[in-house]
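# Okay, sequence plus prediction incoming.
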Amino acid sequence: MSFSDIKDQEMPLRLLRNILKQNRVPNGLLFWGPEGVGKRTTALELAKAINCKAGDFDACDACLSCRKVTSGNHPDVKIVAPAGKTRIINVEAIDAITELSAYRPFEGKWRAVLIEDADRMNESAQNHFLKTLEEPPSNTLFVLQSYYPNRLLPTIRSRCQQVRFGALQPATVSAILRREHPLDVATADALAAVAQGQVSRALDLVTSNKRNMVLDIAARLNRGDDPLLVSEQFVSQLREATEALKAALLSELEEDASQQDMSGEDLADQKKEQEAFIEGQVRRDYLEYLYLFETWYRDVWVYSTTGDDRLVLNRDQAPALKQQRGRDYPDKLAAIERAWVYIERNLAFDRIFRDLFFVLAA
């Protein structure tokens with residue numbers, strides 16, 4: 001694989017090729033943009049390209065250096081990712097790469113440190129990493145990847161050259177879905193349209209029940225079901241899913257603790273971090289539900305106005321769109337936006353969805 005195999009990211013790739021051509025590799029790059037659009041793959045190809053002697057400002061993918069990077073055996077390419085069930089990058093992980101970077105690269109001209117989900121660095125880790133960026137070791141390239149760059153310290157962002165990644169084309173996402181799952185073209189195209197260029201979201205739509213739940217709720221509210229009852233049942237399902245996630249992760253944590261002979265204090269710290277991770281994951285799921293509600297009512301509004309199903313995202317749901325009644329779609333979309341803000345503010349989610357469903361039922 002090389003830069004030329006990466007789809008729909010012409011601007012970031014042009015910038016990186018120019019950096020290589022001019023031999024002006026910075027110490028810090030921040031790849032930011034939606035999830036599942038190629039940030040990780042591009043970072044890995046860049047790590048190959050800066051040490052490839054055969055490629056023309058790209059990875060040849062055939063030399064020993066490129067093959068070592070591909071197989072994960074290159075001593076000068078280090079990947080840091082959120083660790084454990086808590087998905088946190090802690091101080092120890094940052095200190096380890098800082099210590100490693102104090103030495104010259106072992107084989108290549110450059111050492112590349114690829115930090116995935118860099119916004120998962122906790123506060124202490126970010127402060128330690130900032131010290132490294134302030135006095136960067138020579139011939140070391142840090143590539144931070146993030147969906148939420150604003151969660152990084154402003155001083156970290158300002159010391160990295162930022163590279164923005166955009167969403168993928170629907171045809172690209174559809175092809176990936178068909179490659180990963182046994183889907184027909186129509187289904188893959190429909191899910192790709194709803195995902196709006198995010199492969200990770202499209203894959204989640206294939207493997208989770210979120211979209212079916214949202215479509216079912218929209219149909220029930222359209223039929224005139226009691227929004228209070230619908231919201232209570234929906235919230236009950238969310239609670240069950242959350243409790244199942246908590247139970248599974250706590251069980252794994254206790255198993256890890258027994259195997260590692262973890263002290264009571266360390267176990268308590270791990271539990272706190274894990275609870276924070278679960279809360280983050282649950283909130284992320286809530287936002288995904290709101291995203292699906294937003295696409296649905298956006299489509300209902302568009303279809304009721306234009307009658308053109310080519311303009312909607314839920315193209316496989318044209319019959320349901322035609323049966324949708326109601327009005328005041330701008331108010332419904334505004335209510336979804338308010339719910340989005342309330343969830344970000346950690347307000348009670350049962351009340352958020354109850355109030356939202358009353359608006360959507362109007």
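Noted; the coordinates are in hand. Numbering: from 1, shown residues only.

# in this protein, which strand has the most residues?
In the chain, assigned by DSSP state E, the strand with the most residues is strand 140-146.

# For it, which helices and strands make contact with it?
strand 28-32, helix 39-49, strand 111-115 (3 or more Cβ pairs under 8 Å, 6 or more residues apart in numbering; DSSP states H and E). C-beta coordinates here come from the backbone N, C-alpha and C atoms, glycine included.

# could those be laid out in JSON lines, adding distance to residue 79?
Listed next are the helices and strands packed on strand 140-146 as JSON lines, based on distance: least, Cβ to Cβ, whole Å:
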{"stretch": "strand 28-32", "distance to residue 79": "13"}
{"stretch": "helix 39-49", "distance to residue 79": "8"}
{"stretch": "strand 111-115", "distance to residue 79": "5"}
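
# Deepest in the core, which of these is it.
A comparison of those by mean neighbour count, using mean count of other Cβ atoms under 10 Å, puts strand 111-115 on top with a mean of 26.

# distance of residue 300 from residue 322?
Distance, residue 300 to residue 322, using Cβ to Cβ, to the nearest Å: 10 Å.

# more neighbours, these two?
Neighbour totals were compared for residue 300 and residue 322, and residue 300 leads with 24 against 12 (other Cβ atoms under 10 Å).

# coming back round to it: need the next SSE after the longest strand of the chain, C-terminal direction.
helix 154-158 (DSSP states H and E).

# same for that following helix, what does it pack against?
helix 123-134.

# Give me the neighbour count for the closest residue in space to residue 63 that isn't next to it in sequence.
Counting by Cβ to Cβ, 6 or more residues apart in numbering, residue 63 lies nearest to residue 54, which is 4.9 Å off, once chain neighbours are set aside. Number of residues near residue 54 (other Cβ under 10 Å) recorded here: 13.

# quick one, helices of the stretch 151-300 of the chain?
Counting by DSSP state H, counting those that start in this stretch, the stretch 151-300 of the chain has helices at residues 154-158, 170-180, 185-195, 199-207, 210-223, 227-260, 264-306.

# how about stretch 338-355: buried residues?
339, 340, 342, 343, 349, 352, 353, 354, 355 (16 or more other Cβ atoms under 10 Å).

# I figured residue 109 hits residue 47, correct?
No: taking Cβ atoms under 8 Å as the definition, residue 109 is not a contact partner of residue 47, at 11.8 Å.

# Could you list every helix and strand in contact with the helix or strand that contains residue 334?
Using DSSP H and E, residue 334 sits in helix 329-344. With contacts taken as 3+ Cβ pairs under 8 Å, 6+ apart, helix 329-344 sits against helix 264-306, helix 349-360.

# between the ones you listed, which gets nearest to residue 138?
Residue 138 sits nearest to helix 264-306 of all these, at 34.3 Å, using Cβ to Cβ.

# what is the mean pLDDT for the helix or strand just after the closest one?
Following helix 264-306 in sequence order, the next helix or strand is helix 318-323 (DSSP H and E). Computed over helix 318-323, the mean pLDDT rounds to 84.

# Return the distance of residue 153 relative to residue 82.
Residue 153 is 17 Å from residue 82, by Cβ to Cβ.

# Also residue 175?
29 Å.

# Low-confidence ranges, the stretch 151-300 of the chain, go.
Across the stretch 151-300 of the chain, the ranges flagged by pLDDT under 70 are 253-267, 269-274, 276-277.

# at 80 what do you get?
Applying pLDDT under 80 to the stretch 151-300 of the chain picks out residues 245-281, 283.

# and of the buried residues of stretch 338-355, the nearest to residue 149?
residue 340 (19.0 Å).

# Just send the helices of the stretch 151-300 of the chain back as CSV, with distance to residue 89 too.
What follows is the helices of the stretch 151-300 of the chain, written out as CSV (distance: least, Cβ to Cβ, whole Å):
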stretch, distance to residue 89
helix 154-158, 12
helix 170-180, 27
helix 185-195, 27
helix 199-207, 19
helix 210-223, 28
helix 227-260, 18
helix 264-306, 11
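
# Distance-wise, check the closest residue to residue 29 other than its chain neighbours relative to residue 16.
Using Cβ to Cβ, 6+ apart and skipping residues adjacent in sequence, the residue nearest residue 29 is residue 143, 4.9 Å away. Computed as Cβ to Cβ, the residue 143 to residue 16 distance reads 10 Å.

# which residues do these two both contact?
Residues touching both residue 143 and residue 16 by Cβ atoms under 8 Å, 6 or more residues apart in numbering: residue 46.
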